[in-house]
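A.B. asks: fold the following.
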Amino acid sequence: MLVTRPEPGAAETARRLRDLGWQPVLAPALVLAPCPMSATAAQALLLTSRAAARGLTPGPKLPAALPVLTVGEATAAEARGRGFTDVTAAEGDAVALASLATRRLDPARGALLLAVGQGYGRDLAALLRQGGFRVRRRIAYAARPATTLPGPAIAALGRPGDIAYALFTSPRSAECAMSLLRGAGLAGTAAGLVACAISARVAATLAPLPWRAIRVALRPDQNALLDLLGPAPARPERGGTE
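C.D. replies: Numbers count the residues shown, from 1 in each chain. The predicted structure is shown next:
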């Protein structure tokens, strides 16, 4: 199972896969790094990912009781773990988060603070502004493409049949993963892999390579992504007879 999710999320996904009996092979397509974020007064904080939440802690400009709206439950759990107490999760994507903000918040009560990764969140900010909100978009982390596939991933991909599935959790990481495969001369291995995408948008990003199949999660979250797999099939026993 090839895992292209960035760290530290890749390690979490790997643990989940091992619990299901799969053998994960880590190949993070992006490298995340926190950025100092200048907080500003706002009626609510919006978080689009766990990576955005990881760099934040309550303080004078981000009080613990500040309403926090997150893209999904995993990000909500991260925000609660950081000390925020009024946290509500949307149903997994930017459209759902914008809808939640429209239902829960009032444009007349002040600006929204949107914490995102570098290069992310513009579409969400546009949706919120269309709803009459003032949006202060701030960069909480940077995501740069990995420069190469890890050695164990290259070796496993080079052995036909060693890897059967590849997991993809965002359009950008999918693009970067395909670039890494091409750079390693391994783009042809896609024909032997089932690509599992967390959303239809990610699945569309994967279209340029000839995957054996592309499966799309029913919901844009990790649980639904892993539901595409289920428990690993039992491995045949090797050696010896009775």
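A.B. asks: distance check, Leu45 against Gly119.
C.D. replies: As for Leu45, its distance to Gly119 is 20 Å (criterion: CB to CB, to the nearest Å). Glycine gets a C-beta too; all of them are placed from N, C-alpha and C.
A.B. asks: do Phe84 as well
C.D. replies: Distance from Phe84 to Gly119, counting by CB to CB: 25 Å.
A.B. asks: and the lengthiest helix in the chain, C-alpha only, in CSV?
C.D. replies: Looking across the chain with DSSP state H, the single longest helix is helix 171-183. What follows is helix 171-183, C-alpha atoms only, in CSV (Å, rounded to 0.1, in the frame of the first residue of the first chain):
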residue,chain,number,x,y,z
PRO,A,171,-5.1,17.2,-5.5
ARG,A,172,-1.7,18.8,-4.9
SER,A,173,-0.2,15.7,-3.3
ALA,A,174,-1.6,13.6,-6.1
GLU,A,175,0.0,15.9,-8.7
CYS,A,176,3.3,15.8,-6.9
ALA,A,177,3.2,12.0,-6.4
MET,A,178,2.7,11.5,-10.2
SER,A,179,5.6,13.9,-10.8
LEU,A,180,7.8,11.8,-8.5
LEU,A,181,6.8,8.6,-10.3
ARG,A,182,7.7,10.1,-13.6
GLY,A,183,11.0,11.5,-12.3
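A.B. asks: contacts for that helix next, please.
C.D. replies: Residues outside helix 171-183 that contact it (CB atoms under 8 Å, 6 or more residues apart in numbering) are 4-6, 27-30, 119, 143, 145-146, 148-149, 157, 166, 168, 187, 189-190, 197, 201-202, 204-206, 208-209.
A.B. asks: repeat that with 7 Å
C.D. replies: Identification of contacts with helix 171-183 by CB atoms under 7 Å, 6 or more residues apart in numbering yields 4-6, 27, 29-30, 143, 145-146, 148-149, 168, 187, 189-190, 201-202, 205-206, 208-209.
A.B. asks: next structured bit after that helix?
C.D. replies: Using DSSP states H and E, the next helix or strand after helix 171-183 towards the C-terminus is strand 194-197.
A.B. asks: just to revisit the earlier point, quick one: the longest helix of the chain to chain centroid distance?
C.D. replies: Its chain's C-alpha centre and that of helix 171-183 lie 14 Å apart, by CA atoms, centre = their mean, to the nearest Å.
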